[in-house]
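Engineer: Give me the fold of what follows.
(6 chains)
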There are 6 protein chains.
Amino acid sequence: MFALTVRDHVMIAHSFTGAAFGPAQRLHGATYVVDATFRRDDLDPDGVVVDIGRASAQLSEVLAELAYRNLDDEPAFSGVNTSTEFLARHVADRLAERITAGQLGEHARQLSAVVVTLHESHVAWASYERSL
Amino acid sequence: MFALTVRDHVMIAHSFTGAAFGPAQRLHGATYVVDATFRRDDLDPDGVVVDIGRASAQLSEVLAELAYRNLDDEPAFSGVNTSTEFLARHVADRLAERITAGQLGEHARQLSAVVVTLHESHVAWASYERSL
Amino acid sequence: MFALTVRDHVMIAHSFTGAAFGPAQRLHGATYVVDATFRRDDLDPDGVVVDIGRASAQLSEVLAELAYRNLDDEPAFSGVNTSTEFLARHVADRLAERITAGQLGEHARQLSAVVVTLHESHVAWASYERSL
Amino acid sequence: MFALTVRDHVMIAHSFTGAAFGPAQRLHGATYVVDATFRRDDLDPDGVVVDIGRASAQLSEVLAELAYRNLDDEPAFSGVNTSTEFLARHVADRLAERITAGQLGEHARQLSAVVVTLHESHVAWASYERSL
Amino acid sequence: MFALTVRDHVMIAHSFTGAAFGPAQRLHGATYVVDATFRRDDLDPDGVVVDIGRASAQLSEVLAELAYRNLDDEPAFSGVNTSTEFLARHVADRLAERITAGQLGEHARQLSAVVVTLHESHVAWASYERSL
Amino acid sequence: MFALTVRDHVMIAHSFTGAAFGPAQRLHGATYVVDATFRRDDLDPDGVVVDIGRASAQLSEVLAELAYRNLDDEPAFSGVNTSTEFLARHVADRLAERITAGQLGEHARQLSAVVVTLHESHVAWASYERSL
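Structural biologist: Predicted coordinates:
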């Protein structure tokens, strides 16, 4: 089993609903350092998991849709807590759509899974893994 | 599959028994930077894997039982090598007990697995993964 | 010359004024991983730069005044860009006041300088150094 | 499930074949920070996954075969792209051979899997996992 | 004193001349993770040390002149050992030229110093600091 | 001004004297990740600050004198608190002696300063800087 990971980051504002969140119920924000991992059983004809340039570019585009935004104001996130876990799945699902659509190249259609990890600080991170 | 990880650390003294350990048979010590990962298939009603504040607090309490101690003098560790691997399992088992006891919240009872990684230096670390 | 550094973090929301900031003019946020460094020429009677527990506690208290807040709504920051650089100075100045007030202990009055570094991502950080 | 990881590094030159590689078709090089992870279900009689000294020494020897070389000139890599993914498998396979040959100790024959991760920069890494 | 640092990376091939370099006399390569630090006494009218977007873009352009190249073939480096230290000075000097030429903005002309650090692995790095 | 840093680590046991140390008055231990920085104004005839192999080897030898020991039992440290700060100076002084004795090479006699940083965890580190 092979895996390739690329890292980028995104800065957003948001707030949480629910007493469990304590002071994080107030409007605040986060830098997420984002790792996107792509998995497959065998290498493609170029000898890689996926073209690293394309992988980085697609991750950057997915994050640009979130960057420098107050997620509380985004219709797509209405009524949900945009927790680190939730956003990890969001980014993973957007990458999966792009893989299916061929935006990471034809060979990337053989990828078997994607994992996205969002680091919210040096002491906490969350991830979501899904098959393709 | 979702995962959430929180990081803390603990400083202990100990020694090892067995020629394979070479100079580590002498009384020495370690800082362990400890990552505790919690896994589940779906998010809880708050949209998270587990309350991050509770997770951090419980990890801190588990580590406090070890902190600033000579593990050679602890009855619980009599006759065993408190290797990084062994301690990773010890911390994971203590967290599992607390999850079962409801100390990470009611929703945490749906967690499926816990993984604990102890970094003993910048060039070596060990982990233990168990289901719940 | 001796130095001791402790690390903590804080999550905030804010926006910037000025065309140079591009999309960061929108309301967004950041996690700042914060390093506070204390300097002195000689060690204190306990053989340390400053009590590490006190240093960590004071840094945590200074950051708590910012944590989970929208800095655009804070009167103290009215009309200024709360850039990473600006906030590094803010934290350093608050720590300096606490050192002068004796909150880091009597021996800490011999500290010669404080440096605060705020990491806004894995690829950018800013710092401010001041004498005491 | 237990795991132990040791870290080392290696510096090499190489070039890639294929338009997808863009400027990396030119002769260039890389530092790979290499993590070798060893897995097993139960600890060995010494209470460890594998002797950490032996694991580090064997990883170092495997990397020494690549170190300070132009991989384009190595017969073993003739006609292939020595991508980060490819080299992760190469290192994992060499470690697996050494495990089977007893070079990590008799107890290491009970290891169940090895994973090798090569970090090519702070923003990209690749890994290969295989059973034993 | 304020400072701002941005991080990028570059991958190159080269060899060294001199018995002291041992196996590094052979053609090999390196990934350099590059930190460029900019210093000034006071913040500019926007409240920053330098525009972070411009700083990142200029560092990227300077590194692009080196990227994916065999430095042994570059006329600019003929007859010199392109050590990590040497390359840190090279990058710092190129950034200084761009600052003087106004490519980091008019306000950047008030920068007092630049420091460039090249990390050649997780266990070795070199830096060069110069005034402006 | 040029600088070169090499990293290594050491694991020790010790205890502290003084109420300020709280639970750290008990016998415990630490892993110190140790960075040794060497400074000079100009590069040596090989184009480096100091031979990196020699620098690493000398740091390793200095740390070997401490490794896997209970510092409370070392006559050299009788009656002192072997704090992170104190040990940073100890390592720096031992390196300075070796530089003066020529053990880092003849050209290393032109080094102007050495800085040693000991990381005791992911959230605390101390350093000592001295001229040569």
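Engineer: Give the buried residues for stretch A:49-67.
Structural biologist: Neighbour counts using 16 or more other CB atoms under 10 Å in any protein chain shown place A:49-52, A:54-56, A:58-59, A:62-63, A:66-67 of stretch A:49-67 among the buried residues. Placement of C-beta: from N, CA and C, glycine included.
Engineer: Those: which two are farthest apart?
Structural biologist: By the measure CB to CB, A:49 and A:67 form the most distant pair in the buried residues of stretch A:49-67, at 25.7 Å.
Engineer: Run through chain A and note the low-pLDDT ranges.
Structural biologist: Of all residues in chain A, none has pLDDT under 70.
Engineer: residue ranges for the helices of it, please.
Structural biologist: A:52-64, A:84-100 (DSSP state H).
Engineer: now the angle between helix D:84-100 and the first one, please.
Structural biologist: Which is helix A:52-64. Calculated by axes from the mean of the first three to the mean of the last three CA atoms, to 10 degrees, helix A:52-64 forms an angle of 110 degrees with helix D:84-100.
Engineer: Can I get helix A:52-64 as PDB, trimmed to CA atoms?
Structural biologist: Only the C-alpha atoms of helix A:52-64 are listed here, as PDB (Å, rounded to 0.1, in the frame of the first residue of the first chain):
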ATOM      1  CA  ILE A  52       2.400  15.900  -6.600                       C
ATOM      2  CA  GLY A  53       2.000  19.200  -8.400                       C
ATOM      3  CA  ARG A  54      -1.600  18.400  -9.300                       C
ATOM      4  CA  ALA A  55      -2.400  17.100  -5.800                       C
ATOM      5  CA  SER A  56      -1.000  20.300  -4.300                       C
ATOM      6  CA  ALA A  57      -2.900  22.500  -6.700                       C
ATOM      7  CA  GLN A  58      -6.200  20.800  -6.100                       C
ATOM      8  CA  LEU A  59      -5.800  20.900  -2.300                       C
ATOM      9  CA  SER A  60      -5.000  24.600  -2.600                       C
ATOM     10  CA  GLU A  61      -8.100  25.200  -4.700                       C
ATOM     11  CA  VAL A  62     -10.300  23.300  -2.300                       C
ATOM     12  CA  LEU A  63      -8.900  25.400   0.600                       C
ATOM     13  CA  ALA A  64      -9.300  28.600  -1.300                       C
END
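Engineer: Quick one: check it for contact with chain D.
Structural biologist: Yes: Helix A:52-64 reaches chain D (CB under 8 Å from any CB of the partner chain) through A:52-53, A:56.
Engineer: Stretch A:86-97 too?
Structural biologist: No: contact of stretch A:86-97 with chain D (CB under 8 Å from any CB) is absent, the minimum separation being 15.5 Å.
Engineer: quick one: buried residues of that stretch?
Structural biologist: Buried residues in stretch A:86-97 (16+ other CB under 10 Å): A:86-92, A:94-96.
Engineer: Not counting its own residues, what contacts it?
Structural biologist: A:32, A:34, A:36, A:58-59, A:62-63, A:65-66, A:80, A:114-118, A:126-130, A:132, B:2, B:43, B:47-48 (CB atoms under 8 Å, 6 or more residues apart in numbering or on different chains).
Engineer: list the contacts for the residue in chain A that chain F sits nearest to?
Structural biologist: Relative to chain F, the nearest point of chain A is residue A:122 (6.7 Å; CB to the nearest CB). Contact analysis of residue A:122 by CB under 8 Å, 6+ apart lists B:7, C:7, C:9, C:33, F:122-123.
Engineer: from those residues, which is closest to chain E?
Structural biologist: Checking these one by one against chain E (CB to the nearest CB), the nearest turns out to be residue C:33, at 13.1 Å.
Engineer: Flag every residue of chain A that's near chain B.
Structural biologist: Within chain A, the positions lying close to chain B (CB under 8 Å from any CB) are A:16, A:18, A:20-22, A:80-81, A:83-86, A:88-89, A:122-130.
Engineer: Out of those, which end up buried?
Structural biologist: A:16, A:20-21, A:81, A:83-86, A:88-89, A:122-129.
Engineer: Mark which of those are part of strands, please.
Structural biologist: Judged by DSSP state E, strands contain the following of those: A:124-129.
Engineer: Sort out which one of those lies nearest residue C:74 for me.
Structural biologist: Among these, and counting by CB to CB, the member closest to residue C:74 is residue A:124, at 24.5 Å.
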